[in-house]
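1. turn this into a structure:
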Amino acid sequence: MISTAWAADAQGGAGLFSEPTFWVAVAFVIFLAIAGKTLTKGIVKQLDDRTALIARTLGEAEKLRNEAQRARDDAQKSLADSAKLAVEIIAQAKAEAERMSQHAAEEREALIARREQQAKDRIAQAEAQASRDIRNMAVDVALAATRSLLKDQVGSGRTQAMIDEAIAELPKRLH
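-> Below you'll find the predicted structure:
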């Protein structure tokens, strides 16, 4: 082969097209063009796929961020509503406690008044009973004294004299 190339060169040859190095270079350039085009298509496809994946991931991330933002806003609103409700419940509880305290004070005052009245009634009953007992005792003592006195006076024979005296005073007492 080399001898053929030298021979062609020696004949005044065709020039550059007869050089095997030229054809190897042309074949290499064609190979690079075809391989480069295929390789470029593959690389571009991978880059496009990667770009689409990144775009989808960014879209999902944006969607998740928006959902998280809405959830945070809802949670803050719920927290504010809960705090407001808690304040209202505390206010109601304080008002109810005040009402219950006032009601208990009124009940206590009413109970004290009832107990005081009951005590006064018992004292009045005890005084009335004591008065009855004293009156009964005084009647018993008076009766005993009268019996004793009558026994002393009547038993000594003064009965007839007392009857005569009573009869004598009778006309004076009738008028």
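2. give the residue spans of the protein that score low on pLDDT.
-> For the chain, applying pLDDT under 70 flags the ranges 1-14, 153-159, 175.
3. that one: helices as residue ranges?
-> Secondary structure of the chain (DSSP state H): helices at 2-10, 20-153, 159-174.
4. show me how far the second one is from its chain's centre.
-> For helix 20-153, the separation from the chain centroid amounts to 1 Å (computed by C-alpha atoms, centre = their mean, to the nearest Å).
5. turn the helices of the chain into JSON lines, columns for mean neighbour count.
-> In short, each C-beta sits where N, CA and C put it, glycine included. Output for those, formatted as JSON lines (neighbours: other C-beta atoms under 10 Å):
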{"stretch": "helix 2-10", "mean neighbour count": "10"}
{"stretch": "helix 20-153", "mean neighbour count": "10"}
{"stretch": "helix 159-174", "mean neighbour count": "9"}
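6. ok, now which ones touch Gly101?
-> I think there's a mix-up here, since residue 101 is Ser and not Gly. Contacts for Ser101 (C-beta atoms under 8 Å, 6 or more residues apart in numbering) come out as none.
7. tell me how many other residues crowd Glu19.
-> Here the count is done by other C-beta atoms under 10 Å, and Glu19 has 15 residues near it.
8. how much space separates it from Asn136?
-> Computed as C-beta to C-beta, to the nearest Å, the Glu19 to Asn136 distance reads 166 Å.
9. same deal with Gln92?
-> Using C-beta to C-beta, Gln92 is found at 64 Å from Asn136.
10. what of Ala83?
-> Taken as C-beta to C-beta, the span from Ala83 to Asn136 is 78 Å.
11. next: Pro20.
-> Pro20 sits at a distance of 165 Å from Asn136 (criterion: C-beta to C-beta).
12. likewise Leu174?
-> Taking C-beta to C-beta as the measure, Leu174 falls 34 Å from Asn136.
13. then Lys84?
-> Counting by C-beta to C-beta, the gap from Lys84 to Asn136 is 77 Å.
14. again, but for Ser148
-> As judged by C-beta to C-beta, Ser148 and Asn136 stand 18 Å apart.
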